[in-house]
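Q: Generate coordinates for the sequence data below:
(chains A and B)
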Amino acid sequence: MTLTLLTPIPEQTALLAEGKLTARITKFRPISGLTRTRGLRKKKWRSNPYQFVRFAHPVEAEFAKVLTYYRVRWLYEPHQFPLDWHPDGTVARMFAPDFYLPEFDLYAELTTQKQNLVTRKNAKLRRLRELYPEINIRLFYRKDLQRLLARFGIAVSSQIVTPPGGLAL
Amino acid sequence: MSNVLPPPPGDLSYSALSPLISKVLYSKENIASRVSELGRQITADYAGVGRDLVVFGILKGVLPFQADLTRAIDLPLQTDVMTISGYRPENGQAPERRPPGVVRITKDLDIPVSGRHVLIVEDMVDTGLTLNFIARMIRQRQPASLAIATLFNREANRLALNLPIRYSGFDAPDDFLVGYGLDYRELFRNLPYVGILKKEIYSL
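A: Residues are numbered from 1 along each chain as shown, chains lettered A, B, ... in the order given. Predicted structure coming up:
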């Protein structure tokens, strides 16, 4: 019986030097499930993008829907503007307007707080206008939103008061 | 058939709705006078364009204003109306769960506007979103010129900053106006005056 000698296993470094050990990765085909998930996600995004944006307040979601309805592109809180800095140069106060409308180069900030509680927001806005005078920004107060969204049949508050005389509107 | 409504007290002839209005802002006479002025101004500006003036409005709020304004313009012109689907949320569903709709033209212009002078008539320009959509679409049809005439202009809430508003009747105050075409849930359109809707009607 003769022994057949096996060829020695070559060292990796030797193969690398010869150029034989190339990383051969076969073309990655996404698993069909993954493709399907991506497809569904895309479809879902097209059918309802609001599921993918985390709005801070339902009124903002309504506002976004009104904009989309009128085919106006919007971005939700895309930019942050530093307003104040600590002595070491780090940012102490920022302001991120709720919406940016690229078509009009306009920022919109919505507030549902009562008029007497919006002092801080007004101060922030004043500071923003001082530091960045080139920025167009509109602040929508609670009463503006109520009136604006009422035009579209949306109540800012959930309660609807029956008008005097009992006329159901 | 007997009249079920009580007799009208003076100018406030729509007694069923008048308790819901806190103040009459512009009377019938105020509006008529301002509309005549706008008509004269438009007549002077478009005197040279011959038969090429097309005036159209967006239903439904514009009806009284368009009817009065076109009669105040002393020029040959063609009128038309356009209807777009209004934003109507489905109640009882969280906004993020509702599929978004988009504005559609439900009745387009019957008159071609390409190469002609177009005047869009609107009852009120607030955010300008509706008019922005209409103006964008009309520009694609390449009119000779495009201008907007509005009875009420409220610039404080304007989002569409690029609208060519050339004629404006009144600067609208920061209130909910109804009457003379302006509605709240389809009511009040037939009031001959413009009043301020009581706040408790549309909000808390």
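Q: Pretty sure B:Thr79 sits against B:Thr70.
A: Yes: if you go by Cβ atoms under 8 Å, B:Thr79 and B:Thr70 touch, sitting 5.3 Å apart. Any C-beta I mention is one placed from the backbone N, CA and C, and that applies to glycine too.
Q: okay, and the common contacts of the two?
A: Shared contacts of B:Thr79 and B:Thr70 (Cβ atoms under 8 Å, 6 or more residues apart in numbering or on different chains): B:Val55.
Q: What are the boundaries of the strands in the chain?
A: I went with chain A, as the question did not name one. A:75-76, A:81-85, A:91-95, A:99-101, A:106-110, A:137-140 (DSSP state E).
Q: Wait, chain B was what I had in mind.
A: B:21-26, B:53-58, B:78-84, B:105-107, B:117-125, B:145-153, B:165-171, B:177-178, B:194-197.
Q: For the chain, just list every one of the helices.
A: Picked chain A for this. A:12-18, A:32-47, A:58-69, A:119-131, A:142-151 (DSSP state H).
Q: Please refer instead to chain B.
A: For chain B, the helices defined by DSSP H cover B:28-45, B:63-72, B:129-140, B:199-202.
Q: how close does B:Leu25 sit to chain A?
A: B:Leu25 is 14 Å from chain A, where distance means Cβ to the nearest Cβ, to the nearest Å.
Q: got a list of what that residue touches?
A: B:Leu25 makes contact with B:Pro173, B:Asp175, B:Leu177, B:Tyr193, B:Val194, B:Gly195, B:Ile196 under the criterion Cβ under 8 Å, 6+ apart.
Q: The same query, at a cut-off of 10 Å, please.
A: Applying Cβ atoms under 10 Å, 6 or more residues apart in numbering or on different chains to B:Leu25 gives the contacts B:31, B:152, B:170, B:172-173, B:175, B:177-179, B:193-196.
Q: Name the nearest residue to it, sequence neighbours excluded.
A: Closest residue to B:Leu25 apart from its sequence neighbours, by Cβ to Cβ, 6 or more residues apart in numbering or on different chains: B:Val194 at 5.1 Å.
Q: Any idea how many residues pack against that neighbour?
A: Applying other Cβ atoms under 10 Å in any protein chain shown, we find 27 residues neighbouring B:Val194.
Q: next one: stretch B:181-191 to chain centre, how far?
A: Relative to its chain's centre, stretch B:181-191 lies at 11 Å (Cα atoms, centre = their mean, to the nearest Å).
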